[in-house]
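Chemist: give the three-dimensional model of this entry:
(2 chains)
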Number of protein chains: 2
Amino acid sequence: MVPHLVTALTGPINELEQRILDSMPAIERWFRLEWMEHTPPFYCSVDVRNAGFKLAPIDTNLYPAGWNILTPSMLPLAVQAAMASIEKICPEARNLLIVPDHHQAQNTFYLSNLAQLRRIFHMAGLNVRLGTISPDAKKSVTMELPGGESIVLDPVVRNKGRIGVKDFDPCTILLNNDLRAGAPGILEDLHQQYLLPPLHASWATRRKSTHAKCFEEVSKRFGKLIGVDHWLINPLFDKCAGVDFSTEAGVQELATKIRKKHKEYGIKEKPFVVVKADNSDPRMGILTLRDAKDLENLRQAIATQGLGVQDVLIQEGVLTSERLNDAVAEPVVYMMDRYVVGGFYRVHAERRVDESLNTPGSSFVPLAFAESTHLPQPGVKPGASAPNRFYMYGVIGRLAMLGASYELEATDPEAEHYA
Amino acid sequence: MVPHLVTALTGPINELEQRILDSMPAIERWFRLEWMEHTPPFYCSVDVRNAGFKLAPIDTNLYPAGWNILTPSMLPLAVQAAMASIEKICPEARNLLIVPDHHQAQNTFYLSNLAQLRRIFHMAGLNVRLGTISPDAKKSVTMELPGGESIVLDPVVRNKGRIGVKDFDPCTILLNNDLRAGAPGILEDLHQQYLLPPLHASWATRRKSTHAKCFEEVSKRFGKLIGVDHWLINPLFDKCAGVDFSTEAGVQELATKIRKKHKEYGIKEKPFVVVKADNSDPRMGILTLRDAKDLENLRQAIATQGLGVQDVLIQEGVLTSERLNDAVAEPVVYMMDRYVVGGFYRVHAERRVDESLNTPGSSFVPLAFAESTHLPQPGVKPGASAPNRFYMYGVIGRLAMLGASYELEATDPEAEHYA
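Modeler: Residues are numbered from 1 along each chain as shown, chains lettered A, B, ... in the order given. From the prediction side, this is the model:
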């Protein structure tokens, strides 16, 4: 079950929605049993794309920002989920230190996200402080936020293998920083402090290809459970190590596979692929390849930025068929512990249906809770009920989170000792 | 944290609210640790009374009806809490049988409550059926509800030590029937089926005096935690076994104790006591005694109904200082698992501030979730913020539920084997 969300959506009907709704109790039971075996990655946001003929997660973020976009009516769900999570991980918790992404310390939108996280965990019953690991932070800084709130960022200090801020010794540390530049020593080998999520959930360790493999496994199991081809929810992909883009063979091979699937399902859309840095290097961005000309442009762009040889993930592109007021839109699902607690549409008026919307210029439309007329509607035909559609999005979001859970198990440095 | 509720309430300020708000993280941590030691009674509703000078639970219901009064916006919280509870108790659960109070099988308001419970547990991922244990039920009966929904009540059958309905073998049974008339054999010694809550939570076993003792223990511990006299949240009480009401000594002794407390706190209100059947015998009702005349009336009433000698609980009366549109009102807090998931005001235009409102003629005003302007307001002075007031009510509700948890441990017939 997910929050029932209101939207102007009137997207295409597909068989998947019907299958998912019909299988709801089986799906929920399956998730329950999966979460007994696999620990959820504390919190998570997932970008989902509905192409009409397929529906897939295209980004699984283990350090989600944007909590401020969630509406006040979604907050109690997030708080309750935070309580459930703390109960399981560290019931004796008293003090929580949030470590933000210090590269965004001047961005009031990001700071509002921090204020929202502080609110959620305070309401869940913790004393919360914010500690920056920026090497430039020498003293506490108070930042005013648009709504009249303020945020205090204290410099993190490390002492006897523990981190904290002045006069505040946290038992638990919540990282809201994906550490793309690498894991700093100050966060390593903490002494009897819980670090949530674990350090290997950061981009210092993560690889998009590992996540894709883990999600493929999840999607196969789920496809079997509800009796659908897992391709309907899983983009085809290929990892290419050390690509110098002097050949386009890898891209072509994937495009051929996609064309085959399109033929099988009678899909008219022209296939395309997206290319992403396997370690999520932000300098490379997410590149859409539609034809040989795009590949040439990509080669030039990479050369221009001096990125050199890269490991990349080449993935079947999933276009979005959703729009809000003519602008291209995609839903983003927010989860805490194992629960879907809210979401929003990311909208971008200047992007195409086959391009990434997670770029400057995007805006956000919260998916508010449904009111009385929008309760789940089991009898309604697929595509005609927004709550049913959003239930499906929440399932896809949770599948991607489960994929991340498999991924974190596979990459857990501690686990190797017992392997 | 509790749902943040909107109301027209502008009740009196008291020190308790300030203490509770200031101690929020400590209180939430204490609850977390208590729930590690003590199992919550699955679901629970608590009637709370705010007398201005004290605030106390006056009824702790372990088979709550009235779920239909909760608004759609509260549903996701209830569903999430139901999911959390099922995960802990019976993660492999597939089929749930709800056993309703068959004495209310013709009451559409009660049937709407069943429809809401069915919805909550269906959305939590279970196949749900309703099975009646009425000895008169011979075949399935479909009941139409005002909103266009319908309810099917199937007769419960017992086979090989398991109960179910035709073609439906549940792993879990949810009782929504307090079994005042005694526990029927059909529910006893079930073979590998979870019965929620356990049978000894019913009035076949419960005694109001045992709950009062357990709540007293909880309130003492809580009073110590936040540094207040536990009398502020705990009504004085006395159990009188085999009362024939030929003497008024017990009542007078309690009234003297209450007067002493009123003097200590400078309270002007005239003390009164309430008398309740210790086993919650509905024929006796809840009787308010203000003076010797009331005692005489009580004696006559009991004689008239032929109730004979009764074990009774004599309890300090807690008046309610809350009103909605001039009608006397009291908040009711709804909980699932360990979470507050909603609530409403019970309103009765024809009752006095010192009388029970849980009688025919009462109406209900849902305490809807607060919107953006009603987020928790830590800096606001006590009494001026509805969300802060309701946070306090949620704490009191949870304290009563914790008392019930102590009570169920003390009366657990299984536990005796290990004592």
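Chemist: what's the distance between A:L117 and A:M336?
Modeler: For A:L117, the distance to A:M336 (Cβ to Cβ, to the nearest Å) stands at 10 Å. To be clear about C-beta, it is placed using only N, CA and C from the backbone, and glycine gets the same treatment.
Chemist: and the residue of the stretch 101-250 of chain A found nearest chain B, how many neighbours?
Modeler: Closest residue of the stretch 101-250 of chain A to chain B, Cβ to the nearest Cβ: A:G125 (2.1 Å). Look at A:G125: counted by other Cβ atoms under 10 Å in any protein chain shown, it has 23 neighbours.
Chemist: do you know how far it is from A:A404?
Modeler: Separation of A:G125 from A:A404 (Cβ to Cβ) stands at 26 Å.
Chemist: does chain B sit close to the longest helix along chain A?
Modeler: Counting residues, the longest helix found in chain A (DSSP state H) is helix A:386-410. No - on the criterion Cβ under 8 Å from any Cβ of the partner chain, helix A:386-410 is out of touch with chain B, staying 8.9 Å away.
Chemist: can you pull the buried residues of that helix?
Modeler: Neighbour-count burial for helix A:386-410, counted by 16 or more other Cβ atoms under 10 Å in any protein chain shown, picks out A:386-408.
Chemist: pLDDT below threshold where in the stretch 1-150 of chain A?
Modeler: Low-confidence segments of the stretch 1-150 of chain A (pLDDT under 70): A:1-14.
Chemist: tell me the residues of it that contact chain B?
Modeler: Taking Cβ under 8 Å from any Cβ as the measure of proximity, the stretch 1-150 of chain A contacts chain B at A:1, A:3-4, A:24-25, A:27-29, A:31-33, A:35-36, A:71-73, A:75-77, A:79-81, A:83-84, A:86-87, A:91-94, A:119, A:122-127.
Chemist: of those residues, keep whichever come out buried.
Modeler: Judged by 16+ other Cβ under 10 Å, buried ones among the residues of the stretch 1-150 of chain A next to chain B: A:1, A:3-4, A:24-25, A:27-29, A:31-32, A:35, A:72-73, A:75-77, A:79-81, A:83-84, A:86-87, A:93-94, A:119, A:122-127.
Chemist: quick one on the thing from earlier: can you name every helix or strand that the longest helix of chain A contacts?
Modeler: Secondary-structure packing of helix A:386-410 (3 or more Cβ pairs under 8 Å, 6 or more residues apart in numbering or on different chains; DSSP states H and E): helix A:15-22, helix A:24-37, strand A:43-50, strand A:55-61, helix A:208-226, strand A:327-336, strand A:339-348.
Chemist: distance to B:L295 for the ones you listed - can I get that in CSV?
Modeler: Output for the helices and strands packed on helix A:386-410, formatted as CSV (distance: least, Cβ to Cβ, whole Å):
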stretch, distance to B:L295
helix A:15-22, 61
helix A:24-37, 55
strand A:43-50, 60
strand A:55-61, 68
helix A:208-226, 66
strand A:327-336, 55
strand A:339-348, 53
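Chemist: looking at the ones you listed, which is nearest to B:T108?
Modeler: When those are compared for distance to B:T108 using Cβ to Cβ, the nearest one is helix A:24-37, at 26.9 Å.
Chemist: and the host helix or strand of A:L111 with helix B:24-37, angle?
Modeler: Assessed by DSSP states H and E, A:L111 sits inside helix A:108-123. Helix A:108-123 runs at 50 degrees relative to helix B:24-37, counting by axes from the mean of the first three to the mean of the last three Cα atoms, to 10 degrees.
Chemist: residues contacting helix A:108-123, please?
Modeler: A:65-68, A:70, A:75, A:78-79, A:82, A:96, A:98, A:100-101, A:104-105, A:128, A:130, A:143, A:145-147, A:149, A:151, A:174, A:176, A:336, B:1, B:24-25, B:375-376 (Cβ atoms under 8 Å, 6 or more residues apart in numbering or on different chains).
Chemist: show the subsequent helix or strand relative to it.
Modeler: Downstream of helix A:108-123, the next assigned helix or strand under DSSP H and E is strand A:127-132.
Chemist: just to revisit the earlier point, show me the contacts of helix A:108-123 that map onto strands.
Modeler: Mapping the contacts of helix A:108-123 onto strands (DSSP state E) picks out A:L96, A:I98, A:P100, A:V128, A:L130, A:M143, A:I151, A:L174, A:N176, A:M336.
Chemist: what's the farthest-apart pair in these?
Modeler: Distance extremes for the ones in strands among the contacts of helix A:108-123: the farthest pair is A:M143 and A:M336 at 24.5 Å, using Cβ to Cβ.
Chemist: of the two, who's got more company?
Modeler: Between A:M143 and A:M336, A:M336 has the larger neighbour count (other Cβ under 10 Å), namely 25 against 17.
Chemist: give me the distance between the more buried one and chain B.
Modeler: According to Cβ to the nearest Cβ, to the nearest Å, A:M336 stands 10 Å off from chain B.
Chemist: check contacts around the residue nearest to that residue when sequence neighbours are not counted.
Modeler: Once flanking residues are discounted, A:M336 sits nearest to A:A81: 3.8 Å by Cβ to Cβ, 6 or more residues apart in numbering or on different chains. Going by Cβ under 8 Å, 6+ apart, A:A81 touches A:M335, A:M336, A:D337, A:R338, A:Y339, A:V341, B:Q80.
Chemist: count the neighbours of the fifth one for me.
Modeler: In this case it means A:Y339. With other Cβ under 10 Å as criterion, A:Y339 counts 26.
Chemist: got a pLDDT number for it?
Modeler: What the model reports for A:Y339 is a pLDDT of 95.
Chemist: for it, give me its contacts.
Modeler: For A:Y339, the residues meeting the contact criterion (Cβ under 8 Å, 6+ apart) are A:L77, A:Q80, A:A81, A:A84, B:Q80, B:M83.
Chemist: in CSV: those, plus distance to A:P271.
Modeler: Converted to CSV, the contacts of A:Y339 look like this (distance: Cβ to Cβ, whole Å):
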residue, distance to A:P271
A:L77, 38
A:Q80, 43
A:A81, 38
A:A84, 42
B:Q80, 39
B:M83, 39
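Chemist: in helices only, show me those residues.
Modeler: Per DSSP H, helices hold the following members of these: A:L77, A:Q80, A:A81, A:A84, B:Q80, B:M83.
Chemist: which of the residues you listed lies closest to B:Q315?
Modeler: Closest approach between the ones in helices among the contacts of A:Y339 and B:Q315, by Cβ to Cβ: A:Q80, at 32.6 Å.
Chemist: ok, so what distance separates the closest one from A:V157?
Modeler: For A:Q80 relative to A:V157 (Cβ to Cβ), the value is 33 Å.
Chemist: now A:R207
Modeler: Counting by Cβ to Cβ, the gap from A:R207 to A:V157 is 32 Å.
Chemist: higher neighbour count, those two?
Modeler: The neighbour count for A:R207 versus A:V157, taken as other Cβ under 10 Å, is higher for A:R207 (18 against 13).
Chemist: got the phi and psi for that one?
Modeler: The phi/psi pair for A:R207 (degrees, to the nearest 10) reads phi -130, psi 130.
Chemist: surely it and A:K276 touch.
Modeler: No - with contact defined as Cβ atoms under 8 Å, A:R207 does not count as touching A:K276 (10.4 Å).
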